[in-house]
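**Student:** after the sequence you'll find the predicted model.
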Amino acid sequence: MGDSNFKFSNSVIGLPLFFVLFLWIVYWLQIRFDFDFYRYGIYPRDLLGLQGVLFSPFIHENLDHLYNNSIPLIILLAAMQYFYPKQTFGVIAYGIIFSGLITWIVGRENFHIGASGLIYVLVSFIFFKGIQTKYYRLVALSLTVILLYGGMIWYVFPDVDQSISWEGHLAGLITGFVLTLFYKAPEYAKPIVYDWQRPDFDPSNDPFMKHFDEDGNFIVFYNEDEENEMEYFSSSHSVNYIVTKKEAPEEDTAP
């Protein structure tokens, strides 16, 4: 896997900024025109509440709620777009749908809103997919995500904070992991491995290495027909070197 597989593009910055900006516009509309967007959240086991599967990630209760979701979304979406560009939109779309459906099935009878479920999808996907690839850069990304957001794991349990949708968090965590099983890792170019780097390499059978002795010196054979030509005939592949004889400089005998 080479560094050329990770290419920076405008979408690495543009996608997370556009997504978060849209969340802030929705919240501004809610405050400016006094819209009651809460009723478009997920309401478990209610047919009308199914609309929240699509709408709930874009609805927030207050500025603190929106702000706390905005920063992780910018970081995680940028990481997704840089390291998993072909999987990003699928993970976002399916992550919203399936985490929302799970929340609708298992959630408490209340409106569930906010993008935190999607955040858990992204954290879960990045962590588990990086570990699965066993590629050092993606594993490092997984560990970085856990270092930054590992404490979020406590908010998937019901007894931590009843005011948050722990069901949505748990649904996002499960959905992110399941998506890693369906999405293949990016196909990276494998590093070049030369024959002499392989563990089963035998120098005695290599045409080029036969031109060297055990100490690494050239094995030299002189061609008797031409004084100026040296030939290396230690294998079926000959290597000819043309050398030019130079006379040694005359010593200065002046007193």
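**Tutor:** That came through fine.
**Student:** wait, isn't residue 61 in contact with residue 113?
**Tutor:** Yes - using CB atoms under 8 Å as the test, residue 61 is close enough to residue 113 to be in contact (6.6 Å). (Each C-beta comes from the backbone N, C-alpha and C, glycine too.)
**Student:** so those two - more neighbours on which side?
**Tutor:** Set residue 61 next to residue 113 and count neighbours by other CB atoms under 10 Å: residue 113 wins out with 24 against 16.
**Student:** what about residue 52, how many residues nearby?
**Tutor:** Residue 52, neighbours per other CB under 10 Å, totals 25.
**Student:** what distance do you get for it to residue 58?
**Tutor:** 10 Å (CB to CB, to the nearest Å).
**Student:** related to what we said a few turns ago, got any residues that touch both of residue 61 and residue 113?
**Tutor:** residue 38 (CB atoms under 8 Å, 6 or more residues apart in numbering).
**Student:** from residue 130, how far out is the residue positioned nearest the centre of the chain?
**Tutor:** Against the mean C-alpha coordinate of the chain, by CA atoms, centre = their mean, the closest residue is residue 83 at 3.4 Å. Distance, residue 83 to residue 130, by CB to CB: 8 Å.
**Student:** joint contacts of these two?
**Tutor:** In contact with both residue 83 and residue 130: 138, 141, using CB under 8 Å, 6+ apart.
**Student:** low-confidence regions, the stretch 1-150 of the chain specifically.
**Tutor:** 1-7 (pLDDT under 70).
**Student:** for it, which segments are assigned as strands?
**Tutor:** With strands called from DSSP state E, counting those that start in this stretch, the stretch 1-150 of the chain shows none.
**Student:** who's in contact with residue 12?
**Tutor:** By CB under 8 Å, 6+ apart, the neighbours of residue 12 are 78, 81, 82.
**Student:** any idea how far the second one is from residue 37?
**Tutor:** When distance is defined by CB to CB, residue 81 is 27 Å away from residue 37.
**Student:** for the last one, same thing?
**Tutor:** Going from residue 82 to residue 37 by CB to CB gives 32 Å.
**Student:** what's the answer for the first one, then?
**Tutor:** For residue 78, the distance to residue 37 (CB to CB) stands at 27 Å.
**Student:** again, but for residue 167
**Tutor:** Distance, residue 167 to residue 37, by CB to CB: 20 Å.
**Student:** so which of the two has more stuff around it?
**Tutor:** residue 167 (23 against 18).
**Student:** ok, the more buried one touching residue 110?
**Tutor:** No - under the criterion of CB under 8 Å, residue 167 is not in contact with residue 110, lying 9.7 Å apart.
**Student:** what is in contact with those two at once?
**Tutor:** Joint contacts of residue 167 and residue 110 (CB under 8 Å, 6+ apart) are residue 44.
**Student:** contacts for stretch 46-53?
**Tutor:** With CB under 8 Å, 6+ apart, stretch 46-53 has contacts from 40-43, 96-97, 100-101, 103-104, 111-113.
**Student:** can you say which of those residues are buried?
**Tutor:** 40, 41, 42, 43, 96, 100, 103, 104, 111, 112, 113 (16 or more other CB atoms under 10 Å).
**Student:** the domain parsing of the chain - what is it?
**Tutor:** 3-182, 195-242 (automatic domain parsing).
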